[in-house]
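Enquirer: quick one, what's the 3D model for this:
(one chain, ligands or ions: 1)
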Amino acid sequence: MKYDFDQKIDRRNTYCAKLSSEQEGLDNHLYDNDYIYMQIADMDFACSEGIRSELKKVLDHNIYGYTIATHSYGSDVYDMIAQWLNAHHGLSIKGSNIFYAEGTLGAVTSALKAFTKPGEGVIINRPVYGPFTMCINNVGCHVVNSQLLKDDKGRYSINFEELEQLAADPNNTAYILCSPHNPVGRVWSEEELLKLHEICQRNHVLLISDEVHCDFVWGDQKFLPTIKVTGGKGVVMCSAFAKTFNLAGLKPGFSVVTDPDLLPKVAQSSEFIFPSPFTIASIKGACLYSEDWLQQMKEYVRGNIEAATAFFKQRMPKVNFYEPEGTYLLWLDFNKYGFSDEELHQRIYANAKVILEDGTLFDPDHGHGFQRLCLPVNRSRMLEGLERIAVELEK
Ligand SMILES: Cc1ncc(COP(=O)(O)O)c(C=O)c1O
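Expert: Coordinates of the predicted model:
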């Protein structure tokens, strides 16, 4: 089946978070047709037919009671997820290594709750996905930032020397790795993963590996699951089918654990977290019947990244960025324009009517002058949005 990712689907009046004005601090653009939304990381694409038909079965059954993705039945949803991950990412896990979570963030929060104590420090690498800070604070811990290093070309890397020092502090007990990294688009190499795992192991720091962007990896890059590269000792992988199959609203999240020392606590912390029957159905549809959609969608998104990077190079060469190795995000540095954060925001959001995400949400100290652009949108809308930004900034 051929999918049409250029189709424009009206998301107004569907409680679509992307169209809500609250987080942008702008009035009256709720459901406004004029705005172009490229902030929240979901896609403006309809899901696969396989997912739709599994969801319809649940709808027609018309009973929506408690549902389990149980470990105790024979062929269950966990086995499907395991088989999918093994086939796509070369893992060799079983269903019994997987635990349902309410989204990737639910899995991260569970791991923090299970393995840290209030007052402890949790290491992250800013600029990074902002809500990690909320997860860490919500369990009574505090953020310990190990700032990513940036080279002349805008490519980021981990400051291993600093990571080593921070991990050596016995009060810092966990590290959340973002792999691939949102927003800077790095796909971590085997060498990098082994190095940071060794640092964590030597210092008894739990390694929480958020791999929700794992299916968006470009060119010669290869995504390597942390558990696969390191053997999984002291690692909790947190992920979801949220990004890959555009199912974020259904919270199809999970953790994967192979370390026998971690398994009991992770199992315990996922008890009584019931997925919705729609979530179960969507995971089935994704794992069993959505390969064609996935391949076509990735091709389209790759085309968007190419079109956006070409646009910036030709039309706005003052914008600095490194082409993403992974993720469908661009981390754009507008500092050469010399605008304050307020002016940049005003020009892009209010004047051009394009909604992105301010850099300081990812990095309160060093995110000034940056914006994150999220690209799984209709290409013509995307290009229109970029042109509007160019007109406003080049004035
Ligand atoms: C790195 C990262 N982790 C977690 C999430 C949230 O995922 P979920 O909706 O599955 O909780 C996002 C969403 O953008 C993300 O980029």
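Enquirer: use CA for all of it now, contacts and neighbours both
Expert: Will do.
Enquirer: and the residue in the stretch 251-395 of the chain that the ligand sits nearest to, what pLDDT?
Expert: The stretch 251-395 of the chain approaches the ligand most closely through G253 (5.5 Å), counting by CA to the nearest ligand atom. G253 is assigned a pLDDT of 98 by the prediction.
Enquirer: who's it bridged to?
Expert: Beta bridges link G253 to A101, A240 when assigned by DSSP bridges.
Enquirer: hmm, it is touching F241, no?
Expert: Yes: taking contacts as CA atoms under 8 Å, G253 lies within contact range of F241: 6.6 Å.
Enquirer: where does the record place the domain boundaries for the protein?
Expert: 17-48+291-393, 52-289 (automatic domain parsing).
Enquirer: average pLDDT across the first one?
Expert: The average of the pLDDT scores along domain 17-48+291-393 is 92.
Enquirer: restricting to C-alpha, output the host helix or strand of A107 in PDB.
Expert: For A107, the element it lies in under DSSP states H and E is helix 103-115. Extracted in PDB, the C-alpha atoms of helix 103-115 (Å, rounded to 0.1, in the frame of the first residue of the first chain):
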ATOM      1  CA  GLY A 103       5.400   6.300  27.700                       C
ATOM      2  CA  THR A 104       9.100   6.700  27.700                       C
ATOM      3  CA  LEU A 105       8.900   9.300  30.400                       C
ATOM      4  CA  GLY A 106       6.900   6.800  32.500                       C
ATOM      5  CA  ALA A 107       9.700   4.300  32.100                       C
ATOM      6  CA  VAL A 108      12.300   6.900  33.000                       C
ATOM      7  CA  THR A 109      10.400   8.000  36.100                       C
ATOM      8  CA  SER A 110       9.800   4.300  37.200                       C
ATOM      9  CA  ALA A 111      13.600   3.600  36.900                       C
ATOM     10  CA  LEU A 112      14.400   6.800  38.900                       C
ATOM     11  CA  LYS A 113      11.800   5.900  41.600                       C
ATOM     12  CA  ALA A 114      13.100   2.300  41.800                       C
ATOM     13  CA  PHE A 115      16.800   3.000  41.900                       C
END
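Enquirer: tell me which residues in it are buried?
Expert: The neighbour-count criterion (16 or more other CA atoms under 10 Å) identifies G103, T104, L105, G106, A107, V108, T109, S110, A111, L112, K113, A114 as the buried residues of helix 103-115.
Enquirer: do the same with stretch 148-163
Expert: For stretch 148-163, using 16+ other CA under 10 Å, the buried residues are L148, G154, R155, Y156, S157, I158, F160, L163.
Enquirer: I'd like the domains of the chain laid out as a markdown table, including distance to F5.
Expert: Below are the domains of the chain laid out as a markdown table (distance: least, CA to CA, whole Å):
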| stretch | distance to F5 |
| --- | --- |
| domain 17-48+291-393 | 6 |
| domain 52-289 | 13 |
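Enquirer: between these, which one is nearest to D6?
Expert: domain 17-48+291-393 (5.2 Å; CA to CA).
Enquirer: could you see whether the ligand lies near the closest one?
Expert: Yes: Domain 17-48+291-393 comes into contact with the ligand (CA under 6 Å from any ligand atom), by way of A41.
Enquirer: ok, the residue lying farthest from the centre of the chain - contacts?
Expert: Relative to the mean C-alpha coordinate of the chain, counting by CA atoms, centre = their mean, the farthest residue is K395 (34.0 Å). Counting by CA atoms under 8 Å, 6 or more residues apart in numbering, K395 touches no other residue.
Enquirer: for E299, same thing?
Expert: E299 neighbours (CA under 8 Å, 6+ apart): none.
Enquirer: which phi and psi does it have?
Expert: With angles defined as degrees, to the nearest 10, E299 sits at phi -60, psi -40.
Enquirer: do you know how far it is from C135?
Expert: The gap separating E299 from C135 is 33 Å, by CA to CA, to the nearest Å.
Enquirer: now do L166
Expert: 19 Å.
Enquirer: quick check: residues of the stretch 151-300 of the chain near the ligand?
Expert: With CA under 6 Å from any ligand atom as the criterion, the stretch 151-300 of the chain meets the ligand at residues C178, N182, D210, V212, A240, A242, A248, K251, G253.
Enquirer: next step: those restricted to strands.
Expert: Among those, the members found in strands (DSSP state E) are C178, D210, A240, G253.
Enquirer: quick one: which of those residues has the most company?
Expert: A240 (29 neighbours; other CA atoms under 10 Å).
Enquirer: pretty sure that residue sits against T104.
Expert: Yes: the pair A240 / T104 is scored as a contact, 5.5 Å apart, by CA under 8 Å.
Enquirer: quickly list what's touching both of the two.
Expert: V212, K251, G253, F254.
Enquirer: which two among those residues are spaced furthest apart?
Expert: For those, the farthest-apart pair by CA to CA is V212 and K251; their separation is 11.9 Å.
Enquirer: identify the contacts common to the two.
Expert: Shared contacts of V212 and K251, counting by CA under 8 Å, 6+ apart, come down to T104, A240, A242.
Enquirer: quick check, distance from the host helix or strand of L166 to the centre of its chain.
Expert: L166 is located in helix 160-168, with elements delineated by DSSP H and E. Centroid separation for helix 160-168 versus its chain: 25 Å, with CA atoms, centre = their mean, to the nearest Å.
Enquirer: what packs against it?
Expert: In this structure, helix 160-168 packs against helix 190-202, with contacts taken as 3 or more CA pairs under 8 Å, 6 or more residues apart in numbering; DSSP states H and E.
Enquirer: and the contacts of the helix holding L166?
Expert: I123, V144, S146, N172, T173, L196, I199, C200, N203, V205.
Enquirer: so the last one makes contact with L177?
Expert: When you say that, I think you mean V205. No: in this structure V205 lies outside contact range of L177 using CA under 8 Å: 11.9 Å.
Enquirer: give me the more crowded residue out of these two.
Expert: Taking neighbours as other CA under 10 Å, V205 and L177 compare with V205 leading, 26 against 22.
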